[in-house]
Every structure is written in structure tokens, then in C-alpha cells.
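Enquirer: Output the structure for:
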Amino acid sequence: MAVVSLLASLRSFFRETAPLAPGDPVVVAFSGGPDSTALLLGLSRLQIQRLQIQITAAHLDHGLDDGSAGRAAAAARIAARLGVPFVSERRPVPDLRRPGESPEAAARRIRYGFLEEIRDRLGARYVATAHHQDDQAETVLLRLLFGSGLEGLSGIRPVHGRIIRPLLEVPRAVLREEVEAAEIAWVDDPANLDLSVPRNLVRHRLLPALTAEESSPPASLARLSDRARRASSALDRRLGDLLGMRSLDDGAVADRRALLELPEELLPFALAALHRRAGAPYPAGSAARAELLRQLGPAGTERLACDGGGGWRWEAAGGLLALRRPRMSVKPLRFTYTLEVPGFLEIPELGVRVGLHHRPVEPWMFQGSPHRAGLALPLAAGDRVTVRNRRPGDRLHPLGAAGSRRLKEVLIDRRVPEGARDRIPLLCVGERIAWVPGITIDQRFRITGEASAWVAEVETR
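Expert: Reported below is the predicted structural model:
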């Protein structure tokens, strides 16, 4: 069997599948685990050798266990060793789960939402994830077990919207060998060992059992996914021609009569193809399809409107069925930056810069100031702090208060207008908010007799 090379696979992917121009920014989804470390390592080498791209490692601290903050710090150290800019944010999944949503589904939704925000902020073309050949095999096995159809057996797509997976042809073992050879100590997420999660059960029990019987089931399953994906693409093309599908600025349309004349077995494929043509991330569920077909059927009305899933809408007028994207609302302001102290960093979203420097204690530090504060922080030169805006579930212990409070309540009590609350740059040390400019500092970081302190300040640019 030919030896798979990490760098050769990356070169091939960016030459043939997702070409990049010199200077293109790429966000790397970076957990600090062995797979994402191999991806970051390979891209950092490729950046130097061939591709003049700008990579940024983006890490989400999901707050699902006590060690998540430690893994975020370890990920920052790995990125620093590789000379890659690093951004990190904490969004506790338990606090952000939707009713009926599993922790795994919530973590995935929140993680990809975070990555898209970083991509949008940096103006990056893609977010690169470290899914590899073994992940592809696990996905195909899971979908077989759940009775998936042709589209499900297509597995993980190399390019899906703004998400790219450059390592789908590379086995997990090769990635670990690359990281070990570079003498990089990765970090493991204990959630990956939880056998109550179906993917983990497939990874740690089913796939190893199959490997004992076959020489390389991951490679065989990856070939199956490739064939299914090719068949699905061919079916999309034929259905697109038959139904006169075409893209719109806000979605896609198909011929309504031709759709109704299709055999019943092809309708789910046709509607899924329309979703893909429109750019929708997922096809509609069975309940949404049933409602659409009820309205489209012989007893239906000329005009219709119904839910297509995920905020997308099916609409029809005359002879066309349209799938239209969700109406765009004002995007919430989100920013997270890492500051190496002492120093300043720019917050372009606010038109300010935030600085942190070590100075002797002065009387003004005990009187309060809207734009600066003196803090007793456990920092040394070269350490990193985070500057971000508020997130759901934020808490702190306001100076002089009896205990911890929700940040939202503190801002309401101080009569900060709702529209201004997301425009406050919060200084965070680890997981804790240390300073809310113009509002308060955290009691844990008050000066209590020290000769010197860290001075945090916000300057308008």
C-alpha cells in the first residue's frame, strides 16, 4: 500500500479541490487534539514552503468538563510554537443547549457557529477541519446503521459551503505519526472516550473489530463514500436538468409540474437537490416534505408558502417552486481577541484599542475610571489575556458585591442601554471576567496593598 504523505495530500487538495490564491486567509478549526494539530502543522509548513496563505487557529472552549479551559491553554501553546495566530472563545454548551437538543448536537452547532463568525470577521475564504479517512469510515458506518440512503452514504464532503476537509484521504495513524515526529504534545478531549455517544462506540469498538477481519476497512468505506457521492452528484445533475433548476440570489427554483410528475421515490432526491442548488446546509425533514407535497398536490392552491427547515421557505407562484434563504437579520456583534501582555490590541469592530501594562500603584486606581482600571492580575510578561464582548451565561463578582452575579443583571442595574451592552470590551483572565470598562472590576482582582498593578485601558482610535 502506498504511503500517504500529509504534505502531499494537502498540496493535492489545494491544487485540485479547493484552490487558494496567495494571501488568502484560512481559519483552522483547532482543538489541540492530534488530528487538528497535524492539520495545523501541515498547513504551517505548506504556508512556508509553497502556499502564501494566512492561517489562523480558532479554538472553542465548550465548557463541557472541568479540563476544557486547560485544553484551550494547551492549544494556544501549540499554535504559538508553530507560529500561527490563535483565537479562542468560551461558549459553555450546557448553558446554550436548545430544548430537546443533545449535548453532541448542541456542541456541533455552537462550534460551527463560532468558526463561521471567525471566518466572517477575518474575511477568510474557508474554515478547514481535520476530518480524516477514519472519520469518513465512522460516518459511513453510522449512516449504514441508521438506514441512511444514497446521500447519507456520501459521507463527509471535502467541500461543503465554506467548510473544507483537506485530510479525508489521510488515515488517522499517519496524522499521529506526523505530530509525534514533530515532538508536539497534543491534548485529548475526554468526551471522545464516552461510549454512550454512537460515534465513539463505532470508533472504539466496531471499527477495530472490523479491522481485525479486514486489512483496511477505513479505506474501503472511504471508497464507498466516494462512489456514493459521485452517484449522488450525477443524480443531482439529471434531476436539475429535468426540473429546470436554476439558482437565484436568495435561493433556487424548479418547475412545479415536472416535480409533481416525478415517481414518488425520486421526490426526496429532487427536493434535496433543490436545497443543495439553493445553498441550504441540510435537506428538509420528512414532516416538512409532507406539508409541501400536501400544498403542491392536485387539491393544493396555486400559491403556497411553507417551512423548508432551518429558516428556509418554500414558496410557489404559477409554474415555479422556489426555495428561499432565511430573511437576513442584523448579525449580532461578536469579537474575541487574544492579547499578549504587556501590549495593545486593536478592536476594529469598536474603533478602539485595549492595552494592559504593569505600573506602580497610584491613588486613582482606588477611585474608578470609565476608561482605565488598576488590577491585581496573576500575570507575567508574555502571558495572554482575552478581550471579547459578552456571551450568554457570563458572570462575575462585582467589586463590593456580596457574591457572583450575572453580567446581564449588572448592566441592567447600571442602566446600560441594550444596544450598547454588546459593545463593551471585556478583559478576561482565563475564564474569568476581570474588568467591565466603565462598570466594575471583579472582586478577585482588586488591589489589596500591592506596590504595583496591571493597568487596563481603552483608547478610542
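
Enquirer: What residues does Trp186 make contact with?
Expert: By CB atoms under 8 Å, 6 or more residues apart in numbering, the contact set of Trp186 is Gly32, Gly33, Pro34, Thr37, Ile78, Val179. Any C-beta I mention is one placed from the backbone N, CA and C, and that applies to glycine too.

Enquirer: which of the residues you listed has the most neighbours?
Expert: When neighbours are counted by other CB atoms under 10 Å, Thr37 leads the contacts of Trp186 with 27 neighbours.

Enquirer: which SSE is that residue in?
Expert: In this assignment (DSSP states H and E), Thr37 forms part of helix 34-49.

Enquirer: other SSEs contacting that helix?
Expert: For helix 34-49, the packing partners by 3 or more CB pairs under 8 Å, 6 or more residues apart in numbering; DSSP states H and E come out as helix 6-12, strand 25-29, strand 54-61, helix 68-81, helix 172-181.

Enquirer: Could you list the residues in contact with the shortest one?
Expert: The one in question is strand 25-29. Outside strand 25-29, the residues that touch it by CB under 8 Å, 6+ apart are 20, 36, 39-40, 43, 53-58, 84, 111, 115, 118-119, 122-130.

Enquirer: Identify all contacting residues around stretch 282-296.
Expert: With contact meaning CB under 8 Å, 6+ apart, stretch 282-296 is reached by 151, 256, 259-260, 267-268, 271-272, 275-276, 300-301, 304, 306-310, 312, 314, 316, 321.

Enquirer: which other residues reach the helix holding Thr37?
Expert: Under CB under 8 Å, 6+ apart, the answer for helix 34-49 is 6-7, 10-11, 14, 26, 28-30, 53-55, 57, 78-79, 82-84, 128-132, 135, 166-167, 172, 175-176, 178-179, 182, 184, 186, 188.

Enquirer: re the thing from before, show only the entries of the contacts of stretch 282-296 found in helices.
Expert: Filtering those for membership in helices, criterion DSSP state H, returns Glu151, Arg256, Leu259, Leu260, Leu267, Pro268, Leu271, Ala272, His275, Arg276.

Enquirer: Now a ChimeraX select for only the buried ones of those.
Expert: Buried residues within the ones in helices among the contacts of stretch 282-296, by 16 or more other CB atoms under 10 Å, are selected in ChimeraX with:
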select :151,256,259,267,268,271,272,275,276
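
Enquirer: Of all pairs in the ones in helices among the contacts of stretch 282-296, which one spans the longest distance?
Expert: Glu151 and Arg256 (22.8 Å; CB to CB).

Enquirer: got the domain boundaries for this structure?
Expert: 6-226, 246-324, 336-460 (automatic domain parsing).

Enquirer: any idea of the angle the helix ranked longest in the chain forms with helix 172-181?
Expert: What stands out as the longest helix in the chain, according to DSSP H, is helix 217-242. Orientation check (axes from the mean of the first three to the mean of the last three CA atoms, to 10 degrees): helix 217-242 against helix 172-181 gives 120 degrees.

Enquirer: Going by neighbour count, list what's buried in helix 217-242.
Expert: For helix 217-242, a neighbour-count test (16+ other CB under 10 Å) marks 217-219, 221-222, 224-226, 228-229, 232, 235-236, 239-240, 242 as buried.

Enquirer: so where is the stretch 1-150 of the chain shaky, pLDDT-wise?
Expert: Across the stretch 1-150 of the chain, the ranges flagged by pLDDT under 70 are 1-4, 48-51.
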